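Student: after the sequence you'll find the predicted model.
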Amino acid sequence: MNRKQFQKRSYLFFASLLILAAECGVMLYVWYWHYNTGIPKAFYFWGHVFIAAVYLLILIVASLMYGGLKIGSFRMIELTLSQGFATLVTNVIFYGIICLLSYRFPTVVPLIIGMVVQCFLIGLWIIGATLGYRALFPPIDVLLLYGGNSQDIILQKFLTRRHQFTVTKSMSVSADMEGISSEIEKHEAVMLWDIPNDIRNTLFKCCYENDREIYVSPKIMDIVLKGSQNIHVFDTPLLYTKSDPVEAEQRLIKRIFDIILSLVMIILTSPIMLVTAACVKACDGGSVFYRQVRCTRGGKEFKIIKFRSMIEHAEGDGVARLAQKNDYRITPVGQVIRKFRIDELPQLFNVLRGDMSFVGPRPERPEIIEEYTKMMPEFAYRTKVKAGITGYAQVYGKYNTRPYDKLKLDLFYIENFSIWLDLRLLILTVKTLFMIGSAEGVADEGLPEGAGDEQQG
């Protein structure tokens, strides 16, 4: 680790320690003055230390889960939302602990007031810590090396992270290799984007030898290999990739979890679904639900169920179209239920029936899969696991993310599958629902990018 990296990590450590200690202090005050006296046996010094330690541990886990401590990586609004969610989750769990200790449901007012104070401190901390980080650590000087005609795409992506990266020079790998090698020595980091394997290997070695930070846009096989296991059969290292990325016992646990959670969610959201059904029907007198053929594991077809958010026969000509921004086909009720994802709730019944899982690649229409597979043969790899309501591409991508990038995200999930990853994605999905841009329609028509996921219902 070089000196600059050490300084960054030290800054982030002490900045994180500051907000965690401040939040813990606020809630310890609330505990001591409002809840401790209401339990059958009041706690004393070491009891308070124990309560503070438990609260701090939960807050650390939640903050790491939601990325609320990623100063310098996230925008201020993303940090505020992330740490706010982490604090909310922590306080809900903390209130449950208080209920268990009190043998009753004490008032939540002190807890709410405490959280308001915490949110105020979070806001001040994010502004101060972010401005301090940007003053101390300017954006990384990046040399972009690209192949093909992808320069504009990656430059647009870098513009969304101007506080983190600055592309001071970009070069095509078709240029003179000696010139590229000498240019590498002038920059802090190098981004290798869409470069043929043989050239990429040469450039990677050059960067590694010159102690430059390296960012690589992975190819499909890179992602598959990343999920492989290291095995030692001979005196030569081997990487082992399973034909089925999900073990039988994992699939069983995942199915049991889907059944239990879908039943609970159906019961909890039934009032919302009843009101939504009435509103959809009253809006234009049409059908309440929209059903469409989609594909799940192994290419098996099923009918996905959603609340209808568009006019009847929105695709009467049979042509698949993504929802556009300000799409005239979306009904007034549809505008609301799409914004808050209420139109997706009937898919809980698909999960209960076993058509889908809670977590997995979004299910696509058969014709979309056929069309994409012609352009990207690897697109068929998505059906190695059961389709899901949410997934890696939904959490880390956007609705208008390029299909090839969505494919990479889905394959990353498939090749790194674990029950823990499923739980993490479910928790992160809650935050994603409130992120700007996660539900945007595409700007213009054309080839249905990302899958016919919101084309009709």
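Tutor: Sure, I can see it.
Student: okay, now the unreliable bits of this structure?
Tutor: 1, 314-326, 399-400, 434-457 (pLDDT under 70).
Student: what's the single longest helix in it?
Tutor: Criterion DSSP state H: the longest helix present in the chain is helix 248-284.
Student: who are the packing partners of that one?
Tutor: strand 301-307, helix 332-339, helix 347-353, strand 357-359, helix 419-432 (3 or more CB pairs under 8 Å, 6 or more residues apart in numbering; DSSP states H and E). Quick note: C-beta positions are derived from backbone N, CA and C, even for glycine.
Student: after that helix, which helix or strand is next?
Tutor: Using DSSP states H and E, the helix or strand that follows helix 248-284 towards the C-terminus is strand 289-295.
Student: and that following strand, what's buried?
Tutor: Tyr290, Gln292, Arg294, Cys295 (16 or more other CB atoms under 10 Å).
Student: ok, now stretch 74-83?
Tutor: By 16+ other CB under 10 Å, the buried positions in stretch 74-83 come out as Phe74, Glu78, Leu79, Thr80, Leu81, Ser82, Gln83.
Student: wait, the first one touches Thr80, no?
Tutor: No: distance between Phe74 and Thr80: 9.2 Å, which falls outside the contact criterion (CB atoms under 8 Å).
Student: hmm, back to that, so the longest helix of the chain versus strand 289-295, what angle?
Tutor: 150 degrees (axes from the mean of the first three to the mean of the last three CA atoms, to 10 degrees).
Student: now do helix 248-284 against helix 332-339, angle only.
Tutor: For helix 248-284 against helix 332-339, the angle by the same axes, to 10 degrees is 160 degrees.
Student: can you give me the buried ones in helix 248-284?
Tutor: Neighbour counts over helix 248-284 (16+ other CB under 10 Å) mark Arg251, Lys254, Phe257, Asp258, Ser262, Met265, Ile266, Met273, Thr276, Cys279, Val280 as buried.
Student: okay, which residue is most central for the protein?
Tutor: The residue lying closest to the centre of the chain (CA atoms, centre = their mean) is Val395, at 2.3 Å.
Student: okay, now the residue nearest to that residue when sequence neighbours are not counted: neighbour count?
Tutor: Ranked by CB to CB, 6 or more residues apart in numbering and with sequence neighbours excluded, the top spatial neighbour of Val395 is Leu428, at 4.8 Å. Look at Leu428: counted by other CB atoms under 10 Å, it has 19 neighbours.
Student: give the contact list for Leu428.
Tutor: Met65, Tyr66, Val395 (CB atoms under 8 Å, 6 or more residues apart in numbering).
Student: so which of those comes closest to Phe417?
Tutor: Val395 (14.6 Å; CB to CB).
Student: can I assume that closest one sits in a strand?
Tutor: No: per DSSP: H, G, I helix; E, B strand; the rest coil, Val395 lies outside any strand segment and is helix.
Student: ok, it touching Leu425?
Tutor: Yes: if you go by CB under 8 Å, Val395 and Leu425 touch, sitting 5.5 Å apart.
Student: centre of the chain to the longest helix of the chain, how far?
Tutor: Relative to the centre of its chain, helix 248-284 is centred 21 Å away, using CA atoms, centre = their mean, to the nearest Å.
Student: quick one: work out the angle between that helix and strand 301-307.
Tutor: 50 degrees.
Student: okay, angle between helix 248-284 and helix 419-432 too, please.
Tutor: Orientation check (the same axes, to 10 degrees): helix 248-284 against helix 419-432 gives 20 degrees.
Student: can you start the count at 326 instead of 1 from here on
Tutor: Got it, the first residue is 326 from now on, which makes the last one we talked about helix 573-609.
Student: can you list contacts of stretch 522-535?
Tutor: Contacts for stretch 522-535 (CB under 8 Å, 6+ apart): 470, 472, 498, 502, 505-506, 509-510, 515, 517, 520, 539, 541, 544.
Student: between which two of those is the distance greatest?
Tutor: Glu510 and Lys544 (26.2 Å).
Student: comparing those two, which residue is more hemmed in?
Tutor: Using other CB under 10 Å as the criterion, Glu510 and Lys544 rank with Lys544 on top: 16 against 12.
Student: would you map out the domains in this protein?
Tutor: Domain assignment for the chain, taken from automatic domain parsing, gives 328-461, 465-542, 573-757.
Student: Thr698: how many residues sit nearby?
Tutor: By other CB under 10 Å, neighbour count at Thr698 equals 14.
Student: likewise for the one 4 residues further on?
Tutor: A count of neighbours around Pro702, defined by other CB under 10 Å, yields 10.
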